[in-house]
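> Turn this into a structure:
(one chain, ligands or ions: 1)
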Amino acid sequence: MTRSRTCAPDPLRRSRAAAGTVALVGFYREHVLPRLVDVTCGGDRMEGWRRRATEGLEGAVVEIGFGSGANLPLLPHEVDTVYAVEPSAVARSRSEHRPRHGGLEVRHVGFEGASLPLEDHSCDAALTTFTLCTVPAVEQALAELRRVVRPGGRLHFLEHGLAPDEGVRRWQRRLEPAQLRLAGGCHLTRDIPELLVDAGFELDAVEARYASGPKAWTWFTVGTALNPAR
Ligand SMILES: C[S@@+](CC[C@H](N)C(=O)[O-])C[C@H]1O[C@@H](n2cnc3c(N)ncnc32)[C@H](O)[C@@H]1O
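Alright, predicted model coming up:
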C-alpha cells in the first residue's frame, strides 16, 4: 500500500498552531505576569522603597499602572481617594485583597495611562511605582499626569531605569529585547529623571542608587517631582 505524502505545509495546522501561540501569550500576559510582578516588585525587600515613594501623599491621588495595589497598605491616612488606572483585570481583582486604611476609596477609572478620564487639575498628586518603564506612550502619560495634577502638586515615584555605569548600561541594552517580551513591555534603558524633566516636572527630593539584586534591573530612582504652574 502506498501512502500519499505532501511537503506542502498544512494551512489549517499552521493557523491552529498560530492561534495556540496567541492564546498562550495572552494567558501569560493576563494571568502569569501580574503574579510575577507581585513577586519581583513586592515583598518586604521593596517595602522601604515604597514607603519612601508614598510618604507625604494626601487628598486625591491618581496612580497609573496601579497593578494589584501593592502601594495601598502604605498610603497615608491623609489620602482619601485613589484613581486607579490599570489595564490588567487580574491585577485589578487581586487589589481587592490588599489591606488599606478605612477612609480610603479606590476608584478604577481607566486602563491607559496615556489617556486619563479625569478633569484638569482634579488630583492633588500622582503616584507611579515600576510603571514608567512599561507604559508604551510614556511621554504622553507624563503629559496627562501634568494635566490632571493641580499646579503645585507632586508626582511621587519609584522606578528602575538606565544605570549610570557604562558596563551596566551595556547589559541593559543587551537584555532589553528579552525583557520587553517576558516582562510585558518593561524597558531597562529608560532614563526616568530625564523623562520627568522633559515632561516639565521639577525634580525636588530624589534619591538614586542600586537596590539589592542584579544591577541591570536595580538602578532605582525614588522621590517626588513638582508640577509647576505652566
Ligand atoms: C511592573 S508593573 C507595576 C505594578 C505596580 N505599580 C507595582 O508597583 O507593583 C507595571 C504595571 O503597568 C501596567 N501598565 C502597562 N501598560 C499600561 C498603560 N498603558 N497604562 C497604564 N498602566 C499600564 C501593567 O499592567 C502593570 O500592572
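
> Dihedrals phi and psi, Arg107?
When read as degrees, to the nearest 10, the backbone of Arg107 gives phi -120, psi 120.

> From Ala60, how far off is it?
9 Å (C-beta to C-beta, to the nearest Å). Where you see a C-beta, it was placed from the backbone N, CA and C, and this is true even at glycine.

> which residues do these two both contact?
Common neighbours of Arg107 and Ala60 are listed as 81, 83 (criterion: C-beta atoms under 8 Å, 6 or more residues apart in numbering).

> Same drill for those two, tell me which one is more crowded.
Ala60 (21 against 12; other C-beta atoms under 10 Å).

> Please tell me how far the spatially most central residue of the chain sits from the ligand.
Against the mean C-alpha coordinate of the chain, by C-alpha atoms, centre = their mean, the closest residue is Thr131 at 1.8 Å. The gap separating Thr131 from the ligand is 5 Å, by C-beta to the nearest ligand atom, to the nearest Å.

> do the same with Trp219
From Trp219 over to the ligand the distance is 15 Å, taken as C-beta to the nearest ligand atom.

> At the contact with the ligand, which residues of the chain appear?
37, 41, 64-65, 67, 70, 85-88, 91, 112-113, 129-131, 134-136, 186 (C-beta under 6 Å from any ligand atom).

> same thing but 5 Å
The chain has residues 37, 41, 64-65, 67, 70, 87-88, 91, 112-113, 129-131, 134-135 near the ligand, with proximity defined as C-beta under 5 Å from any ligand atom.

> Just those: which are in helices?
Judged by DSSP state H, the residues of the chain next to the ligand include 37, 91 as members of helices.

> close enough to count as contact, Val149 and Cys123?
Yes. Using C-beta atoms under 8 Å, Val149 is in contact with Cys123, at 5.1 Å.

> Look up how far the ligand lies from Val222.
12 Å.

> who's in contact with stretch 113-124?
58-62, 64-65, 83, 85, 109-110, 131, 135-137, 140-141, 144-145, 147-151, 153.

> For that stretch, list every residue counted as buried.
Of the residues in stretch 113-124, 113-114, 116, 118, 123-124 count as buried by neighbour count, 16 or more other C-beta atoms under 10 Å.

> What's the end-to-end length of that stretch?
Stretch 113-124 has an end-to-end distance of 17 Å (criterion: C-alpha to C-alpha, to the nearest Å).

> Put the alpha carbons of stretch 142-155 into PDB.
Extracted C-alpha coordinates of stretch 142-155, given in PDB (Å, rounded to 0.1, in the frame of the first residue of the first chain):
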ATOM      1  CA  LEU A 142       3.500  62.100  31.800                       C
ATOM      2  CA  ALA A 143       1.800  64.900  29.900                       C
ATOM      3  CA  GLU A 144      -1.500  63.500  31.200                       C
ATOM      4  CA  LEU A 145      -0.300  63.400  34.700                       C
ATOM      5  CA  ARG A 146       0.800  67.000  34.500                       C
ATOM      6  CA  ARG A 147      -2.700  67.900  33.100                       C
ATOM      7  CA  VAL A 148      -4.700  66.200  35.900                       C
ATOM      8  CA  VAL A 149      -2.400  67.100  38.900                       C
ATOM      9  CA  ARG A 150      -3.100  70.600  40.200                       C
ATOM     10  CA  PRO A 151      -0.200  73.100  39.800                       C
ATOM     11  CA  GLY A 152       2.000  72.800  42.900                       C
ATOM     12  CA  GLY A 153       1.000  69.100  43.300                       C
ATOM     13  CA  ARG A 154       3.600  66.400  43.100                       C
ATOM     14  CA  LEU A 155       4.300  63.200  41.200                       C
END
